[in-house]
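**Student:** what follows is a predicted structure for the sequence shown.
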Amino acid sequence: MKFHIQLIVSGCITLILNSVDVLAAPSQKADIPDSLSLFNFEQGFNLESAQTTDATASLVKQSGSQQLLLETGITSGAPGVMIKRPSGSWDLNPYYHVKMDITNAGEHTARIIFKVGDPEDGMEAWQMEIRFDLEPGQTKTVSDDIITSPWRFSKPLELLAMRAAPGQAKSDLSQIDQVKITINYPSNKHKLLIDNVRATNPVRLVDPEGFLPFVDRFGQYKHAHWPGKTLSVDDMRQQAIEENQELLAKPGPTHFNQYGGWKDGPQLEATGYFRVEKYNNVWWFVDPKGHLFWSHGVGVVHTGTATTGTTDREDYFEWLPVKDSPYGEFYSKRGRASHGYYKTLPRRETFNFTASNLYQKYGENWKQEFDKVTHARVRSWGMNSLGVASDRQLTMQGKTPYTETVWVRGTKKIEASQGYWGKFHDVFDPSFRVQLKKALANRQHTVNDPWLLGYFIENELSWGSEGSLAIATLESPADQPAKKEFIKDLKAKYSSIDKLNAVWGTSHASWKALLKTTDKPNRAKAWQDIQTFYKKIVNTYFSTVRNEMKKVVPNALYLGCRLAWANSETVIRSAAKYTDVISMNKYQYNVTNVGFPEGVDKPILIGEFHFGSLDRGALHLGVVEAKSQYHRGELYTEYVNSALLNPYIIGTHWFQYGEQPPTGRGDGENYNVGIVDLADKPFPELLKHIREVGYRMYDFRNAAAKNNEIVQPKKHTKLDVGQVDEDAHTRSN
């Protein structure tokens, strides 16, 4: 028996799960109530269940019901409340959503994180939360998806190596006993009214028979249809013809010079290289010809964005070509992935759907056609920069300014440090400088290249919260070079272990005993020394990188390391001292308040941002949610406008050029993040907004500067020693 099952995803267009063979019609258990109340704060709710951090919680009568009033401070990176069930737990497996009614009763926009449960795995923890903005006076019902689709398989079907897979729970839902509401890095105090936290929308059950394979020959999700989906090779070739006509008709803004700088703007000093300068009290890049340049760019521009693992998943794909064919070159073997299922395998086989589709679209000269079309697209779209991890062959053609990306691998790490992408370098071990020099050694092609915008060296390092790396150093083994360096500094300051014990409140028998222990010190008592050594780690990192980079490319801008998650004041101040530009990956709805502590004045480049939706065959929307493809475009305009009005920001780079495959890249990411889809077709709704912003960006920013319409970010509050965000290494800013 076959059924057509309609899926409504995130309020977007209807997707059709077509002709899936199932044993029985979609169903749900008759005894599952439509809604299950978790916390309603009426009579009988015990305030002791509300555990606050840098906040107070009370019960108030509002709009005819009793609600939880949360009043947050500004001394923590994540002030808020964790509401726990007094005893026992809920089994939320039957439900699709956990919803909450929330009102912003304060005077400032609140950036809120709502998290269900408390998974130990960092990725699962992130999947079980949503982020949203709430304007003053606004009431909203927010909905956190705890399952990837509004249906589940009636029998187990494990789908491997994807951040989001159809019919799967995002975590273990059988023992949920808490929810958490926090403010993300607040600049102001907030008041929130919370009510009616409940599990809702019972999921339907679908028999898994006939679901596999679920990916078509173009790498697209097979069991859904949407506007613009590629159905044949003829579709792709026709799209190429039509797009070529459009690119000829819209070659790009006439006020762009050859680099994409502002040809009609002021003439500044021309050095032959990109540099930065403050003009009319706002920061800008200045291009090699001496014209103002704002970097409107996109990252990961290459032909491998839809490379996906096939090992242990061959039955996911309706078409994998034989290797002894022209498609054989699109197979490859890779090592361990950074996260997910493929982290467990030392070797895996992959297939590159991006390249395969380009081959089918353009023929044997597909790579040359990709390069030509990509440069033309970027210019036509009003963009002017190739961002992080873009193809070297593409960047070396002297057509579009580009960033060079350097990865430093193979160093000794601080053993007790932690972070999403791994432990932090031990910068006092010789391997750090050795591996850095090795990574820089093959960059001679950039030395005198005027098209080089600058160098990103590394990405999203695990700085942790203020002092964290120093604490991790003390928790590491005795042979840790950083630990030896720390104790050397402590010896120089205190001269005897007894003097240190008196300050730290410890009882170490000797310096040797301190070296051997891995106990965490009392943060408050040891704080001055912790903070001092943390600063030494950070300064050593940035100064070493700058010195070695400038030896190789003295004229190139050091664009920093693309800060993300928690960035302490120490990190910001050190980056400002040693980098030419501070790069930040900012996944949020706007960057109005992205700025610096008092006394820091440096240009900022946004290295990554995106918005994703589920209305074009994607299985995961990405880091920041949009309601539809139209909404993606609207959010793009809002974000870039806020950047253009920020005096520090000198560019934004969208992450990323091509769509990720539904079966995931190596670490499982399968986000709706592309400007172009899996079949190399631009998303028209997003593109419309990219082009509109790009064509007016120079006039927009310059007029704002002249008319005093630039929006100064609020100064960040220095965090209190006692309030440390323990989840900082896993949470996006």
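**Tutor:** Happy to help now that I have it. Numbers count the residues shown, from 1 in each chain.
**Student:** show me where pLDDT drops low in the stretch 601-733 of the chain?
**Tutor:** The stretch 601-733 of the chain contains residues with pLDDT under 70 at 716-733.
**Student:** and the residue nearest to residue 300 when sequence neighbours are not counted, helix, strand or coil?
**Tutor:** Excluding the flanking residues, the one nearest residue 300 by CB to CB, 6 or more residues apart in numbering is residue 656, at 3.6 Å. Glycine gets a C-beta too; all of them are placed from N, C-alpha and C. Recorded secondary structure, residue 656: coil (DSSP: H, G, I helix; E, B strand; the rest coil).
**Student:** residue contacts, residue 656?
**Tutor:** 298-301, 305, 610, 673-674 (CB atoms under 8 Å, 6 or more residues apart in numbering).
**Student:** let's see it at 10 Å
**Tutor:** Contacts for residue 656 (CB atoms under 10 Å, 6 or more residues apart in numbering) come out as 298-302, 305, 387-390, 608, 610, 622, 669, 671, 673-676.
**Student:** can you list which of those are found in strands?
**Tutor:** Using DSSP state E, 298, 608 are the members of the contacts of residue 656 that sit in strands.
**Student:** any idea how far apart the tips of stretch 134-153 sit?
**Tutor:** In stretch 134-153, first residue to last residue: 35 Å (CA to CA, to the nearest Å).
**Student:** now list the buried members of the contacts of residue 656.
**Tutor:** Buried residues within these, counting neighbours by 16 or more other CB atoms under 10 Å: 298-302, 305, 387-390, 608, 610, 622, 669, 671, 673-676.
**Student:** hey, which helix is longest across this structure?
**Tutor:** Across the chain, the longest stretch assigned as helix under DSSP state H is helix 527-552.
**Student:** tell me what the following helix or strand past that one is packed against?
**Tutor:** Downstream of helix 527-552, the next assigned helix or strand under DSSP states H and E is helix 569-578. Contacts defined by 3 or more CB pairs under 10 Å, 6 or more residues apart in numbering; DSSP states H and E place helix 569-578 against helix 527-552, strand 582-585.
**Student:** could you rerun that using 6 Å?
**Tutor:** Other elements packing on helix 569-578 under the criterion 3 or more CB pairs under 6 Å, 6 or more residues apart in numbering; DSSP states H and E are helix 527-552.
**Student:** now for the protein, the helix or strand with the poorest mean pLDDT.
**Tutor:** strand 2-8 (a mean of 32; mean pLDDT, DSSP states H and E).
**Student:** pop out the phi and psi values for residue 415.
**Tutor:** Main-chain dihedrals, residue 415, degrees, to the nearest 10: phi -60, psi -40.
**Student:** residue 147 too?
**Tutor:** For residue 147, the backbone dihedrals (degrees, to the nearest 10) come out as phi -130, psi 150.
**Student:** does it touch residue 167 like I think?
**Tutor:** No: taking contacts as CB atoms under 6 Å, residue 147 lies outside contact range of residue 167: 7.7 Å.
**Student:** show me which of these two is the more surrounded one.
**Tutor:** More neighbours surround residue 147 than the other of residue 147 and residue 167, with 23 against 20 (other CB atoms under 10 Å).
**Student:** show me the contacts for that one.
**Tutor:** Contact analysis of residue 147 by CB atoms under 6 Å, 6 or more residues apart in numbering lists 96, 169, 203.
**Student:** export the residues you listed to TSV and tack on neighbour count?
**Tutor:** Shown next, in TSV, are these (neighbours: other CB atoms under 10 Å):
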residue	neighbour count
96	21
169	17
203	21
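**Student:** among these, which are located in strands?
**Tutor:** Filtering the contacts of residue 147 for strands - DSSP E - leaves residue 96.
**Student:** ok, the contacts of residue 147 vs residue 351, which is closest?
**Tutor:** residue 169 (27.8 Å; CB to CB).
**Student:** the closest one and residue 668: what is the separation?
**Tutor:** From residue 169 across to residue 668, the span is 15 Å (CB to CB, to the nearest Å).
**Student:** do residue 303 as well
**Tutor:** Relative to residue 668, residue 303 is positioned 21 Å away (CB to CB).
**Student:** residue ranges with poor pLDDT in this protein?
**Tutor:** Scanning the chain for pLDDT under 70 picks out the ranges 1-30, 566, 716-733.
**Student:** which parts of it are helices?
**Tutor:** Using DSSP H, the helices of the chain run over residues 122-127, 233-249, 353-362, 366-380, 392-395, 430-440, 468-474, 481-494, 497-504, 511-516, 527-552, 569-578, 629-644, 684-706.
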